[in-house]
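K.L.:
here's a sequence, model it:
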Amino acid sequence: MSQLFQNFSKESNLVLKKYKRLVIVCTSIVVLFFVVLAVMVYMSIRSLQQAPAVYKHQLYSLNKGENASTVVDSFVSNPIEAQIDHMWLRFHKEYTAVQKGDYLVDGKKSLLDILKDMVAGNVVEKIYPTFAIVEGTNLSKILNAAKKRKIVDNKFNRFIKDEKTFMEEIFSDQKELLEFVGGSRDNIEGFVNPATYPMYEENPLYHMFKRGMINQVKILKKEWEERDKSIQIKTPYEALILASLIERETFLDEERPMVASVFENRLQKSMRLQTDPAVMYGVSRNFTGRLTKAHLKTDTPYNTYTREGLPPTPICMPQEKSIRAALHPDKTKYLYFVAKDVTPKAGHSFSTNLDAHNKAVSAYRKRVRDYHASKNEEDSDDDLIKAEADAQAKAADSTKSDSTADKAKSTQESKADTLSTTSQSANKESKSKASDSKANATAQEKDDSPLKTSKKAQSTEKGSEVVIKID
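P.N.:
Numbers count the residues shown, from 1 in each chain. Presented below is the predicted three-dimensional model:
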């Protein structure tokens with residue numbers, strides 16, 4: 001019996017020892033697991049906080065709807081480490097209110113540093129190349145500059161072939177602006193606001209023109225609503241045309257309202273505008289060189305020596321100051337202006353009558369001759385100045401003829417009033433004669449060249465040497 005008890009006791013001890021070993025092993029495994037887990041958590045959090053974050057690009061773009069977990073998954077490839085970072089962020093909500101945008105990954109910042117940037121909204125603004133549209137340049141020169149720079153924009157190239165459709169596309173989400181300018185046009189000249197624009201990666205020219213055209217019409221609308229309603233300009237598009245003439249005639253801000261007043265007074269008197277930049281535009285959109293006597297005599301829709309009123313379209317991209325001047329001209333009696341010197345920076349001499357203007361022209365011609373003499377150059381400008389002077393003289397004769405015709409008309413009407421109205425037919429005959437006299441005078445005025453307003457210095461320097469500056 002005792003022997004049996006001893007055997008049982010030995011077996012129990014053996015089982016107990018095995019159980020103890022098993023407990024020790026299991027405990028060791030559990031402890032080791034937690035130690036390893038603790039080390040992994042420590043290393044993961046340390047990496048999150050201190051290790052330089054690595055990404056495939058230098059910029060990380062966080063889009064709308066994405067969160068801090070999205071950022072962690074993008075930077076952390078180890079799924080266990082990613083889960084640890086997710087758990088850590090659950091207890092640190094201050095790093096989860098991230099904002100969309102582009103953020104710098106410079107190889108020095110940790111993932112936590114990048115999350116801090118995202119919470120603060122420290123986005124990186126991409127530095128794009130720029131394209132400067134200078135005041136007074138035109139559409140053709142803008143397109144030539146874009147072609148020279150080899151800017152690729154298939155969307156723009158497709159639309160610009162039909163400028164009317166292009167305008168409809170640009171203002172498709174702001175149709176009230178398109179209606180304000182009288183609908184889409186076959187020519188978008190004048191509709192782009194001069195400024196420096198970023199060349200975005202996608203459709204750079206399309207975005208530049210869209211931004212520039214919308215801004216230009218908004219400026220025009222603002223100035224139109226505050227315009228002087230007594231002026232001859234009756235539509236926003238006419239204001240844009242006149243602004244383009246002012247832009248090309250002077251780049252001195254203080255002169256813009258004065259130049260506008262000359263055009264306003266001439267329009268009021270039905271005098272031709274005779275502005276050289278418009279003639280140049282009619283000769284060629286890329287006019288270079290000197291304006292000649294032949295150019296003045298060659299009729300085009302833009303030749304304001306041969307045609308009355310405004311040109312059919314703007315001739316350049318005017319700035320806001322020129323638009324404002326067109327709609328708020330100075331109150332003057334000026335009908336003429338001519339450059340003071342060979343450089344446009346000297347400004348202009350303004351005159352109310354032909355005699356005073358001729359004196360100013362003579363002074364200008366002397367300065368031009370002296371300038372060429374100092375350079376040992378032939379004064380080839382004088383032929384053009386003489387041609388413009390001939391146009392002035394002819395216009396003066398036209399004005400005198402018109403005045404004589406008006407006096408004749410007044411005399412006829414006076415006689416008609418004093419005589420007894422013997423019959424209704426006799427009265428109608430008198431009015432018919434007066435009407436014929438007025439029609440003849442108007443026809444004579446159209447046949448003759450009106451008075452001169454533009455000047456040589458501006459036509460040669462600002463008219464032909466304007467270039468598009470590209471930063």
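K.L.:
dump the residue contacts of residue 166.
P.N.:
By Cβ atoms under 8 Å, 6 or more residues apart in numbering, residue 166 lies in contact with 159-160, 188, 209. Placement of C-beta: from N, CA and C, glycine included.
K.L.:
let's see which of those residues end up in helices.
P.N.:
Cross-referencing those against helices under DSSP state H gives 159, 209.
K.L.:
just flag the most distant two among the contacts of residue 166.
P.N.:
159 and 188 (10.4 Å; Cβ to Cβ).
K.L.:
hmm, back to that, who wins for neighbours among the contacts of residue 166?
P.N.:
residue 209 (26 neighbours; other Cβ atoms under 10 Å).
K.L.:
quick check: residue 348 touching residue 334?
P.N.:
No - the pair residue 348 / residue 334 is not scored as a contact, 9.9 Å apart, by Cβ atoms under 8 Å.
K.L.:
overlap in contacts, those two.
P.N.:
Shared contacts of residue 348 and residue 334 (Cβ under 8 Å, 6+ apart): residue 258.
K.L.:
now find how far off-centre the top helix by length along the chain is within its chain.
P.N.:
Secondary structure of the chain per DSSP H: the longest helix is helix 2-49. Relative to its parent chain, helix 2-49 has a centroid offset of 78 Å by Cα atoms, centre = their mean, to the nearest Å.
K.L.:
which other helices and strands contact it?
P.N.:
Other helices and strands packing on helix 2-49, by 3 or more Cβ pairs under 8 Å, 6 or more residues apart in numbering; DSSP states H and E, are helix 79-90, helix 111-120.
K.L.:
pick the most deeply packed of the ones you listed.
P.N.:
helix 111-120 (a mean of 20; mean count of other Cβ atoms under 10 Å).
K.L.:
quick one: list the elements packing against that one.
P.N.:
Using 3+ Cβ pairs under 8 Å, 6+ apart, helix 111-120 is in contact with helix 2-49, helix 68-75, strand 101-104.
K.L.:
ok, residues contacting that helix?
P.N.:
Against helix 111-120 from outside (Cβ under 8 Å, 6+ apart): 47-49, 51, 53, 60, 62, 68, 71-72, 75-76, 85, 94-99, 101, 103-105, 109.
K.L.:
how near is the most centrally placed residue in the chain to residue 186?
P.N.:
Centroid-nearest residue in the chain, with Cα atoms, centre = their mean: residue 193, separated by 2.5 Å. Between residue 193 and residue 186 the distance is 20 Å, computed by Cβ to Cβ, to the nearest Å.
K.L.:
shaky segments in the chain?
P.N.:
Low-confidence segments of the chain, defined by pLDDT under 70: 1-11, 378-471.
K.L.:
please parse it into its domains.
P.N.:
Here the domain parsing of the chain from automatic domain parsing is 35-120, 139-400+447-464.
K.L.:
for these, which one ends up most surrounded?
P.N.:
Comparing the domains of the chain by mean neighbour count (mean count of other Cβ under 10 Å), domain 139-400+447-464 comes out on top with a mean of 19.
K.L.:
distance between that one and the chain's centre?
P.N.:
Using Cα atoms, centre = their mean, the offset of domain 139-400+447-464 from its chain centre is 16 Å.
K.L.:
could you do stretch 110-118 as well?
P.N.:
38 Å.
K.L.:
following the longest helix of the chain, which helix or strand shows up next?
P.N.:
Using DSSP states H and E, the helix or strand that directly follows helix 2-49 along the chain is strand 59-62.
K.L.:
which stretches in the protein count as strands?
P.N.:
For the chain, the strands defined by DSSP state E occupy 59-62, 101-104, 130-132, 196-198, 336-339, 348-351.
K.L.:
turn the ones you listed into CSV, columns for distance to residue 367.
P.N.:
Below are those laid out as CSV (distance: least, Cβ to Cβ, whole Å):
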stretch, distance to residue 367
strand 59-62, 58
strand 101-104, 57
strand 130-132, 32
strand 196-198, 35
strand 336-339, 9
strand 348-351, 11
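K.L.:
roughly how far does the residue nearest to residue 361 when sequence neighbours are not counted sit from residue 331?
P.N.:
Residue nearest to residue 361 in three dimensions, not counting chain neighbours: residue 338, with 5.3 Å by Cβ to Cβ, 6 or more residues apart in numbering. Distance check for residue 338 against residue 331: by Cβ to Cβ, it reads 21 Å.
K.L.:
look up how far residue 295 lies from the residue nearest to residue 361.
P.N.:
Distance from residue 338 to residue 295, counting by Cβ to Cβ: 18 Å.
K.L.:
what does residue 65 give?
P.N.:
Separation of residue 65 from residue 295 (Cβ to Cβ): 62 Å.
K.L.:
same question, residue 78
P.N.:
Distance from residue 78 to residue 295, by Cβ to Cβ: 77 Å.
K.L.:
and for residue 40?
P.N.:
84 Å.
K.L.:
cool, residue 331 as well?
P.N.:
Taking Cβ to Cβ, one finds residue 331 at 33 Å from residue 295.
K.L.:
ok, residue 147 next?
P.N.:
Distance, residue 147 to residue 295, using Cβ to Cβ: 27 Å.
K.L.:
same thing with residue 307?
P.N.:
Noted for residue 307: a distance of 14 Å to residue 295, by Cβ to Cβ.
K.L.:
cool, residue 209 as well?
P.N.:
To residue 295, residue 209 is 31 Å away according to Cβ to Cβ.
K.L.:
just residue 349 next, same as before
P.N.:
Distance, residue 349 to residue 295, by Cβ to Cβ: 23 Å.
K.L.:
so what's the spatially closest residue to residue 279 that is not a sequence neighbour up against?
P.N.:
Excluding its sequence neighbours, the residue lying closest to residue 279 (Cβ to Cβ, 6+ apart) is residue 303, at 5.3 Å. Taking Cβ under 8 Å, 6+ apart, we find residue 303 in contact with 278-279, 282, 296.
K.L.:
can you list these in TSV and add distance to residue 18?
P.N.:
Listed next are those as TSV, based on distance: Cβ to Cβ, whole Å:
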residue	distance to residue 18
278	110
279	113
282	110
296	119
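K.L.:
so of those, which ones are in helices?
P.N.:
Short answer: the contacts of residue 303 in helices (DSSP H) are 278-279, 282, 296.
K.L.:
what sits up against stretch 65-82?
P.N.:
Identification of contacts with stretch 65-82 by Cβ under 8 Å, 6+ apart yields 40, 43-44, 47, 53-55, 60, 62, 85-86, 89, 95-96, 98, 100, 111, 114-115, 118.
K.L.:
ok, so what distance separates the closest residue to residue 138 other than its chain neighbours from residue 73?
P.N.:
Of all residues not flanking residue 138 in the chain, residue 316 sits nearest, at 4.8 Å (Cβ to Cβ, 6+ apart). According to Cβ to Cβ, residue 316 stands 54 Å off from residue 73.
K.L.:
then residue 177?
P.N.:
Using Cβ to Cβ, we find residue 177 at a distance of 44 Å from residue 73.
K.L.:
now do residue 351
P.N.:
Plainly put, residue 351 is 77 Å away from residue 73 if you go by Cβ to Cβ.
K.L.:
how about residue 190?
P.N.:
Note on residue 190: its distance to residue 73, by Cβ to Cβ, is 52 Å.
K.L.:
can you pull the contacts of the residue lying closest to residue 84 once chain neighbours are set aside?
P.N.:
Leaving aside its chain neighbours, residue 84 sits nearest to residue 44 (4.1 Å; criterion: Cβ to Cβ, 6+ apart). For residue 44, the contacting residues are 80-81, 84-85, 88, by Cβ under 8 Å, 6+ apart.
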